[in-house]
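Asks: I'd like to go over a predicted model; first the sequence, then the structure.
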Amino acid sequence: NSGGGCGEPGSQGARVVPLGRWRDAAGDSAAGFAPGGQAPLAFNQLFAYWEALRDGGRLPFRNRVDPRGIAHLLECSFLLERIAPGLARFRLAGMGLCDIAGMEMRGTPLSILMAPESRPALATALESVFVGPRILRLDLEAERGIGRPALAARMLILPLLDDGGQVTRALGCMVCEGQV
């Protein structure tokens, strides 16, 4: 069992891993995401950083995100940009995500990590980040089969404001468990 990123053992990937089944875990914090109410440590740390950027409870601006503030999380962190309703692309992605996908993720849509049949539901959930705005927590699981070992991932997506004060950016983190 090898996980990916953010204080977990690293994994190496050579292809995009479609993570088909998933669950949208509604809520307003990173806590309570995992079974037993324990979120991955990386989620708690990223959420605390995001909370610290908020001014009077307002959403933080993207230009206030400083990689030095989350240096220990960069491997599994990412920045998204909304490019159409229900669609966002990676502006930046840590090496942990790139390793899982087997390619540089910059400029690619988030949906590339999902099985095609899961993409409409993802689009609806992702749009809620930008329109709600709301925090999105996902439980992802790859299809298993012969030669396809168990692979699960957890993803946290936090809304950010762009320079114009619109919610078109998001800060996120993905932690994998299993073998690619």
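Replies: Looks like it arrived, so ask away. Numbers count the residues shown, from 1 in each chain.
Asks: what residue of this protein is the furthest out?
Replies: No residue in the chain sits farther from the centre than residue 146, which is 27.6 Å out by C-alpha atoms, centre = their mean.
Asks: Tell me, how many residues neighbour residue 102?
Replies: For residue 102, the neighbour count with other C-beta atoms under 10 Å is 13. Backbone N, C-alpha and C define where each C-beta goes, glycine included.
Asks: Quick one: end-to-end distance for stretch 127-136.
Replies: 10 Å (C-alpha to C-alpha, to the nearest Å).
Asks: I'd like the mean pLDDT over it, please.
Replies: Confidence for stretch 127-136, expressed as mean pLDDT, is 91.
Asks: in that stretch, what's buried?
Replies: Neighbour-count burial for stretch 127-136 flags 127, 128, 129, 130, 133, 134, 135, 136 (criterion: 16 or more other C-beta atoms under 10 Å).
Asks: export the residues you listed to CSV and tack on distance to residue 84?
Replies: Below are the buried residues of stretch 127-136 laid out as CSV (distance: C-beta to C-beta, whole Å):
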residue, distance to residue 84
127, 10
128, 15
129, 14
130, 10
133, 17
134, 19
135, 21
136, 17
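Asks: Can you say which two of those residues are spatially most distant?
Replies: 127 and 135 (13.7 Å; C-beta to C-beta).
Asks: give me the element residue 125 is part of.
Replies: If you go by DSSP states H and E, residue 125 is part of helix 119-131.
Asks: now the strands: where do they sit in this structure?
Replies: With DSSP state E as the criterion, the chain has strands at 21-24, 77-84, 87-93, 136-141, 151-161, 167-178.
Asks: what about the longest one, distance to the chain center?
Replies: Taking C-alpha atoms, centre = their mean, to the nearest Å, one finds strand 167-178 lying 2 Å from the centre of the chain it belongs to.
Asks: Repeat that for stretch 95-107.
Replies: On C-alpha atoms, centre = their mean, the centre of stretch 95-107 falls 13 Å from that of its chain.
Asks: Now do the buried residues in stretch 53-68.
Replies: Buried positions in stretch 53-68, judged by neighbour count with 16+ other C-beta under 10 Å: 53, 59, 60, 61, 62, 65.
Asks: Correction: the previous question concerned stretch 69-83.
Replies: 70, 73, 74, 75, 76, 77, 78, 79, 80, 81, 82.
Asks: Now do the end-to-end distance for that stretch.
Replies: Terminal residues of stretch 69-83 are spaced 26 Å apart (C-alpha to C-alpha).
Asks: What average pLDDT does that stretch get?
Replies: Stretch 69-83 shows an average pLDDT of 91 in the prediction.
Asks: Same check on stretch 170-180?
Replies: Stretch 170-180 carries an average pLDDT of 81.
Asks: Over to stretch 146-154?
Replies: Stretch 146-154 shows a mean pLDDT of 74 in the predicted model.
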